[in-house]
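Participant: The following block contains a protein sequence and its predicted model.
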There are 6 protein chains.
Amino acid sequence: TPAQYSTVYNMFSFTIASMGASALFFFLSRNQLAPKYRPAMMVSGLVVSIACYHYFRIFESWEAAYELTGGQYVPTGAVFNDAYRYADWLLTVPLLMVELIAVLALPKGEGRGLLVRLSVAAFFMIALGYPGEIAKYEAGAQYWIFFVLSMIPFLYILFVLLTELTKSLERQPENVRGYISAARLIVLVSWCFYPIAYLASGVGGLSGAQAEVGLQVGYTIADIVAKAVFGVYIYFIAR
Amino acid sequence: TPAQYSTVYNMFSFTIASMGASALFFFLSRNQLAPKYRPAMMVSGLVVSIACYHYFRIFESWEAAYELTGGQYVPTGAVFNDAYRYADWLLTVPLLMVELIAVLALPKGEGRGLLVRLSVAAFFMIALGYPGEIAKYEAGAQYWIFFVLSMIPFLYILFVLLTELTKSLERQPENVRGYISAARLIVLVSWCFYPIAYLASGVGGLSGAQAEVGLQVGYTIADIVAKAVFGVYIYFIAR
Amino acid sequence: TPAQYSTVYNMFSFTIASMGASALFFFLSRNQLAPKYRPAMMVSGLVVSIACYHYFRIFESWEAAYELTGGQYVPTGAVFNDAYRYADWLLTVPLLMVELIAVLALPKGEGRGLLVRLSVAAFFMIALGYPGEIAKYEAGAQYWIFFVLSMIPFLYILFVLLTELTKSLERQPENVRGYISAARLIVLVSWCFYPIAYLASGVGGLSGAQAEVGLQVGYTIADIVAKAVFGVYIYFIAR
Amino acid sequence: TPAQYSTVYNMFSFTIASMGASALFFFLSRNQLAPKYRPAMMVSGLVVSIACYHYFRIFESWEAAYELTGGQYVPTGAVFNDAYRYADWLLTVPLLMVELIAVLALPKGEGRGLLVRLSVAAFFMIALGYPGEIAKYEAGAQYWIFFVLSMIPFLYILFVLLTELTKSLERQPENVRGYISAARLIVLVSWCFYPIAYLASGVGGLSGAQAEVGLQVGYTIADIVAKAVFGVYIYFIAR
Amino acid sequence: TPAQYSTVYNMFSFTIASMGASALFFFLSRNQLAPKYRPAMMVSGLVVSIACYHYFRIFESWEAAYELTGGQYVPTGAVFNDAYRYADWLLTVPLLMVELIAVLALPKGEGRGLLVRLSVAAFFMIALGYPGEIAKYEAGAQYWIFFVLSMIPFLYILFVLLTELTKSLERQPENVRGYISAARLIVLVSWCFYPIAYLASGVGGLSGAQAEVGLQVGYTIADIVAKAVFGVYIYFIAR
Amino acid sequence: TPAQYSTVYNMFSFTIASMGASALFFFLSRNQLAPKYRPAMMVSGLVVSIACYHYFRIFESWEAAYELTGGQYVPTGAVFNDAYRYADWLLTVPLLMVELIAVLALPKGEGRGLLVRLSVAAFFMIALGYPGEIAKYEAGAQYWIFFVLSMIPFLYILFVLLTELTKSLERQPENVRGYISAARLIVLVSWCFYPIAYLASGVGGLSGAQAEVGLQVGYTIADIVAKAVFGVYIYFIAR
Ligand SMILES: CC1=C(/C=C/C(C)=C/C=C/C(C)=C/C=O)C(C)(C)CCC1
Ligand SMILES: CC1=C(/C=C/C(C)=C/C=C/C(C)=C/C=O)C(C)(C)CCC1
Ligand SMILES: CC1=C(/C=C/C(C)=C/C=C/C(C)=C/C=O)C(C)(C)CCC1
Ligand SMILES: CC1=C(/C=C/C(C)=C/C=C/C(C)=C/C=O)C(C)(C)CCC1
Ligand SMILES: CC1=C(/C=C/C(C)=C/C=C/C(C)=C/C=O)C(C)(C)CCC1
Ligand SMILES: CC1=C(/C=C/C(C)=C/C=C/C(C)=C/C=O)C(C)(C)CCC1
């Protein structure tokens, strides 16, 4: 497990650097954009700042949770605090919805209904997923119940993104329409990864250490795509 | 109690991130708003900055107050300093009143009377509640007396918000009137939660640890709603 | 004394937060004011920044001076350094005079005489009070002599504020006159509190610990009123 | 090996200073350039900021990995974490492609295809090289397989730089054409150094310590050329 | 000596606060002044920033040099590093000359001769005084020789300030002439204090501890007058 | 050697303060200059920032290398890392060449040849000097060979400064010509000091400690002249 330990360790350090650099980028380039895209860019900057803070904490929690004894990393007793991830999502997932709506730059008031519905759903999706996550080691009733509960807002979001957003899209200028619909695709694809990882770690036949590493690496990559890559994509639309 | 310990621990970390990100947001987006709404946004930024500072202290106090011994968290002797919360409120509650008045953007001088009355009442409400809070473990005379004393300015605030504010509201432009009256509702609802939590922890039949956790979680959620969510709402009005 | 210890501890933390938030507020809102009021606001920002720095030091000195042994706080031998307070006043009290004059926004040169006289007097008032303060435990000759010496500039300031300032006030625009005279009142009332606290701690029949706590709490509240509240009041005049 | 130890130590410190100073330079001089060159300069600033962060971590990892015992530096057991380098490249190499394209300042949309292809290839080149690097001590199958896999995108990049970029170059104003083609040369030459160093450390007949030092020094110099020197060159084009 | 120890300790803390606040003030108010006075204000800001840094070091050196043992402060063996003071002067004294010349805002080139002569003399005055200062405990030949050597540039400066500056003064606008000549007076008076303190500590019949305390307090007060008060005075001229 | 130790210690602290204050000055006053001189000022700011960073490291290395034992400073085993100096020069010496050329403010492109030649030569001069410096204790072949190798670019620089620069100088406006030729003189004189110090420490008949101290003090003074004083001089030209 030294290799496993340092894979995760390096992923986290990498993510801190990515998120930090993205934050710098989004805040600095905000004023180069047309005013109507600035809120989207600022939200993007907030999202990656928040993630940078949380990955820093996750990184420290990981360092504290294992120590090198005789060439192997063994748990120190201090538990690796996975909840930072959910705390992060609880803040950033609704903000990502805001960002997606903001890039549409709808006339004031119009996108508000959409925005409220999507971000509230995103909020509940995460809040309901957490009680399931912490029960993953038993994979019992709690695990499944909250999975299902969390899937409801998740599917609702997918549904809205696929149907109602299409209508708003039609009112976009010709030249950005394609890009925005691609942005929606990034969201759809990257988000689907999360429930899969959730299931994989709880049900898949992997050993404990392997499942843990897989879960961390998976969530981390998905986070980078859904936050930093998505933000950069938005920047290119807005430019 | 490890689960209880880390629930509270994670709530606090979450709140630090929320307050910090809100502060960043409010200060950065201030200059994008119409000048008459900027003071409201700045006050909102101050409120969440102050709260961020205090939750950081609360977080550290919580970490210092318990330690992991044999799989259980036991008090270390250093007492968890709940007073940070009241110190926070003493500053932020009057500022929230200021914020609510400021978003009305009344002509200079007009809202001043309202503002003074509301923020002074808010100040006394908190100052009088504290001696009761620290007596919560005995739930004796002190507990009840200060509860009642603190309820007086509380009810006064509710009264003003419900009656006099209505008059000022009528002079608002048609399109924001609905929003501002909704903002008032957020205040009314979230604030009512505090005395309820106060009573619950002192009188409810809960065990000590459970009451403590419930109180912390409750106050924390209420704080996020009354400060960050409220600030975001104000931002949407002002946009 | 745990309750006493933490009352003072919490007061100090509260004051750090207040002063810090005020500093942020004064510096950030400076540019929203009419140019003639900006110097007043900047001075106000300096005053609370200096106080924030000193309360941070006072806070640390307090933490170092007592430790928890068997449920009681006992002195550690490291002495609580009250002199930070006088160092603070020595800088801030003259600045408060500057602020009061600055808000009058007199034509260049005119207020200069007033300003010099008031701030020099303020300086001597504090410098002469310190040798008395450190002799408070004996309440002997030194205590009384410096009290009287310090009262001279104090009474001089009161006198100037009451008589000569009145003349300058008359040349103010109608609409601010009332506010400025109220600002003067805040100064008069809050400042009178200091010599009273000085006397109370030295002469009053209180036990050592109680006198100490009373003095700290008293001075701290007075500081918040004379600096932060006063600054906010000035802001409202200037707006 | 004290001399070897401190050569590497000093190289790292030197690189931190270079990257930090470059970052300062690029961010500060950004606004002195014509707007169309600003994105290139900002990307350059990000690249060196990220590198500065990573070299700081590499520096600390190096310090922690060896200690002075009896005049010799011996490993402490904490392993020197070379992965920071790949984490750095994974972020900066695609950004360097972005920078090269950005300096062409092509009309919006035009360079996008080029940009996407080059930065994706750059990403895979690094990601595939890492599994080979960590197998360098055995120089077995894994080492060779990933080398070959990583060479594919590498050669693809070289190919694009040499052929397709030429076409875009032709549409540049006469006076910058020479400079940009020189910039491309810097990229070509400095990048070729990396696979060579990779091979040298794995296959060359050098002793372990010497190979390690050579690799570190080599990579470090190449990094400075490919990032800081390249950025400065871009600055001169843009001026 | 506890009282002596803390007198000096408090003086140093006070000076840090004064210098820091002055730096803040000078840098922030620079842009409110007429352009021709801005260089003077910036130099003033530099002077107090440098002094703030050095008093911070002096403060730490003082804390490290004595420790509380049995109610008395005894030297720890680490020597109190007085040289920070001379390092400070070496930088700030020439800058103060620059500031004085700059406030004259002479047409470009004109004041240059004056400036060079005065700041070079100031530089040598300090550089020659240091070898004498470190010999103060013996008060032997070295002490006297360097005193005399240092007096030469000192007297030269006094001479220039009194004669040649007068000529430049005459070309100043009527209304500032008085103020600038007063500024010159502040310089003259405060600077004369330094050689007196130098003599007093070496020759006066005081005990070691008393001489040390006197010297520190004296130099510190003189520094505040010559730097911060002088800077504030310049500000009032420039306003 | 306590006196020797603290002489060097104080020199380093002094240099940190000088470089830091210069950096502040150069960056802050940049925008007060005519645009064509701003690059020169920014480069100057970078040079002193880099030097400030390195002197900070040198200072810490010096503190770690000696400790006070029985009234004498003895080496701790941790070696004083002189290489920071060469790392510093490697960056700053080419930048100083850039600064000298930049102040000529030649039309775009014209000075580029000069600039490249001078800064490349400067780079090699330092890079070749280092292997000699670390061999100074033996003063053997390595010491002499690299001295000679390093002298070649050094003499080349002197030659260019004396001949070719003269031509460029002639195209300068009358009024700055004298100043720039003086700036060149500062460079010539201060730079000649370095090889002399190099020789003195290796060949001169001084004891080890004395040679070390002399070398440090010498290099430090030369650095201040060649960087900070030179930068200030450039500022006066540019004003
Ligand atoms: C449906 C579902 C989940 C979905 C999580 C998602 C969709 C997370 C998205 C996170 C993002 C986008 C983070 C970004 O930055 C959980 C909670 C794993 C639990 C089980 C069910
Ligand atoms: C009436 C009452 C209380 C009310 C507290 C309130 C209303 C607090 C509001 C806090 C807010 C809004 C914080 C925000 O950020 C106490 C003190 C619990 C004590 C008992 C009586
Ligand atoms: C007359 C007098 C005193 C007055 C102190 C005052 C008036 C202090 C004001 C402080 C302020 C306004 C601080 C603000 O921020 C002393 C020194 C206690 C000593 C005895 C006599
Ligand atoms: C082809 C190849 C490689 C190429 C690496 C390159 C080309 C790295 C470039 C890095 C840069 C430019 C960093 C800059 O800042 C590896 C990964 C060594 C592994 C083996 C094959
Ligand atoms: C003549 C003389 C001296 C003069 C010192 C002076 C004049 C110092 C001024 C310092 C200032 C103005 C500091 C400011 O900020 C010494 C060195 C004590 C030594 C003996 C002779
Ligand atoms: C010729 C020569 C040298 C020259 C060094 C020089 C010229 C250094 C200049 C440094 C500067 C200007 C630093 C500034 O900030 C060495 C390396 C000592 C080694 C021997 C030969």
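Facilitator: Received the coordinates, thanks. Numbers count the residues shown, from 1 in each chain, chains lettered A, B, ... in the order given. Ligands and ions are numbered 1, 2, ... in the order given.

Participant: Pass me the low-pLDDT residue ranges in chain A, would you?
Facilitator: Residues of chain A meeting the criterion pLDDT under 70: A:1, A:70-71, A:77, A:105-110, A:136-139, A:202-208.

Participant: so where's the longest helix in it?
Facilitator: Counting by DSSP state H, the longest helix found in chain A is helix A:174-203.

Participant: Compute the inter-axis angle for the next helix or strand after that helix and helix A:174-203.
Facilitator: Going down the chain from helix A:174-203, the next helix or strand is helix A:208-223, by DSSP states H and E. Using axes from the mean of the first three to the mean of the last three CA atoms, to 10 degrees, the inter-axis angle of helix A:208-223 relative to helix A:174-203 is 170 degrees.

Participant: Buried residues, helix A:208-223. List them.
Facilitator: Neighbour counts using 16 or more other CB atoms under 10 Å in any protein chain shown place A:211-223 of helix A:208-223 among the buried residues. To be clear about C-beta, it is placed using only N, CA and C from the backbone, and glycine gets the same treatment.

Participant: quick one: which of those is nearest chain C?
Facilitator: Nearest to chain C among these is A:Asp223, at 32.1 Å by CB to the nearest CB.

Participant: That closest one: what's its closest spatial neighbour, skipping adjacent residues?
Facilitator: If you skip the residues right next to it in sequence, A:Asp223 has A:Ala51 as its closest partner in space, 6.5 Å away by CB to CB, 6 or more residues apart in numbering or on different chains.

Participant: That neighbour: what's it in contact with?
Facilitator: By CB atoms under 8 Å, 6 or more residues apart in numbering or on different chains, the contact set of A:Ala51 is A:Thr15, A:Met19, A:Asp88, A:Thr92, A:Asp223, A:Lys227.

Participant: and which of the buried residues of helix A:208-223 is nearest to ligand 1?
Facilitator: Nearest to ligand 1 among those, counting by CB to the nearest ligand atom, is A:Asp223 at 4.9 Å.

Participant: for ligand 1, what are the nearby residues on chain A?
Facilitator: Contacts of chain A with ligand 1, taken as CB under 6 Å from any ligand atom, map to A:89, A:92-93, A:96, A:125-126, A:129, A:132, A:147, A:150-151, A:154, A:191, A:194-195, A:198, A:223, A:226-227.

Participant: What's the local residue count around the closest residue to A:Ala64 other than its chain neighbours?
Facilitator: Sequence neighbours aside, A:Ala78 is the residue nearest to A:Ala64 in space, at 4.8 Å (criterion: CB to CB, 6+ apart). Burial of A:Ala78, expressed as a neighbour count using other CB atoms under 10 Å in any protein chain shown, amounts to 13.

Participant: and A:Ala78, what element?
Facilitator: Assigned by DSSP H and E, A:Ala78 belongs to neither a helix nor a strand.

Participant: just the buried members of the residues of chain A next to ligand 1?
Facilitator: Buried residues within the residues of chain A next to ligand 1, counting neighbours by 16+ other CB under 10 Å: A:89, A:92-93, A:96, A:125-126, A:129, A:132, A:147, A:150, A:154, A:191, A:194, A:198, A:223, A:226-227.

Participant: Give me the subset of these lying in strands.
Facilitator: Assigned to strands by DSSP state E, none of these qualify.

Participant: for chain B, what are the nearby residues on chain A?
Facilitator: By the criterion of CB under 8 Å from any CB of the partner chain, the positions of chain A lying close to chain B are A:27, A:35, A:38-39, A:42, A:46, A:49-50, A:53-54, A:57, A:77-79, A:81, A:83-84, A:86-88, A:90-91, A:108, A:112.

Participant: In PyMOL, how would I select just the buried ones from these?
Facilitator: Below is the selection syntax for PyMOL that covers the buried ones among these, with 16+ other CB under 10 Å defining burial:
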select buried, chain A and resi 27+38+39+42+46+49+50+53+54+57+81+83+84+86+87+88+90+91
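
Participant: before we move on, the earlier item: from A:Leu161, how far out is the residue nearest to A:Asp223?
Facilitator: With the distance defined as CB to CB, to the nearest Å, A:Ala51 ends up 21 Å from A:Leu161.

Participant: With A:Phe230 instead?
Facilitator: Distance of A:Phe230 to A:Leu161, computed by CB to CB: 13 Å.

Participant: so what sits against both of the two?
Facilitator: A:Val187.

Participant: name the element A:Val74 belongs to?
Facilitator: Assessed by DSSP H and E, A:Val74 sits inside strand A:72-75.

Participant: Strand partners (parallel or antiparallel) of that strand?
Facilitator: Strand A:72-75 has these partner strands in its sheet, going by DSSP bridges: strand A:66-69 (antiparallel).

Participant: Pull out the buried residues from the partner strand.
Facilitator: Taking 16+ other CB under 10 Å as the neighbour-count basis, strand A:66-69 is seen to contain the buried residues A:Tyr66.

Participant: contact partners of that strand?
Facilitator: Residues external to strand A:66-69 that are found in contact with it (CB under 8 Å, 6+ apart): A:Pro2, A:Tyr5, A:Tyr73, A:Val74, A:Pro75, A:Thr76, A:Phe80, D:Gly77, D:Ala78.

Participant: Likewise for stretch A:81-90?
Facilitator: Contacts of stretch A:81-90 from elsewhere in the structure, counted by CB under 8 Å, 6+ apart, are A:50-51, A:54, A:57-58, A:61, A:123, A:126-127, A:129-130, A:133-134, A:219, A:223, B:6, B:9-10, B:13-14, B:17.

Participant: who's in contact with A:Val213?
Facilitator: When contacts are counted by CB under 8 Å, 6+ apart, A:Val213 is found next to A:Gln4, A:Thr7, A:Val8.

Participant: Highest neighbour count among those residues?
Facilitator: Result: A:Val8 is most packed of these (other CB under 10 Å), 22 neighbours.

Participant: do you know how far A:Pro94 is from chain D?
Facilitator: As for A:Pro94, its distance to chain D is 27 Å (criterion: CB to the nearest CB, to the nearest Å).

Participant: what about that residue, how many residues close to it?
Facilitator: 22.

Participant: residues touching it, list them.
Facilitator: A:Pro94 sits next to A:Leu118, A:Ser119, A:Val120, A:Ala122, A:Phe123 when contact means CB under 8 Å, 6+ apart.

Participant: which outside residues touch the strand or helix carrying the third one?
Facilitator: What it means is A:Val120. With secondary structure defined by DSSP H and E, A:Val120 is part of helix A:112-133. Counting by CB under 8 Å, 6+ apart, the neighbours of helix A:112-133 from elsewhere in the structure are A:82-83, A:86, A:89-90, A:93-98, A:100-101, A:142-147, A:149-150, A:153-154, A:156-157, A:160-161, A:164-165, A:168, A:198, B:236.

Participant: Neighbours of the residue nearest to A:Ser181 when sequence neighbours are not counted, how many?
Facilitator: Spatial nearest neighbour of A:Ser181, excluding adjacent residues (CB to CB, 6+ apart): A:Leu169 at 6.1 Å. Neighbouring residues of A:Leu169 were enumerated by other CB under 10 Å; the total is 15.

Participant: can I assume A:Leu169 is in contact with A:Arg177?
Facilitator: Yes - with contact defined as CB atoms under 8 Å, A:Leu169 counts as touching A:Arg177 (6.0 Å).

Participant: Could you grab the helix/strand/coil label for the residue of chain A found nearest ligand 3?
Facilitator: Evaluated by CB to the nearest ligand atom, chain A has A:Tyr53 as its residue closest to ligand 3, separated by 35.9 Å. Classification of A:Tyr53 by DSSP: H, G, I helix; E, B strand; the rest coil places it in helix.

Participant: tell me the contacts of it?
Facilitator: With contacts defined as CB under 8 Å, 6+ apart, the neighbours of A:Tyr53 are B:Ala17, B:Gly20.

Participant: ok, the closest residue to A:Ala222 other than its chain neighbours to ligand 2 distance?
Facilitator: Ranked by CB to CB, 6+ apart and with sequence neighbours excluded, the top spatial neighbour of A:Ala222 is A:Phe193, at 4.5 Å. With the distance defined as CB to the nearest ligand atom, to the nearest Å, A:Phe193 ends up 37 Å from ligand 2.
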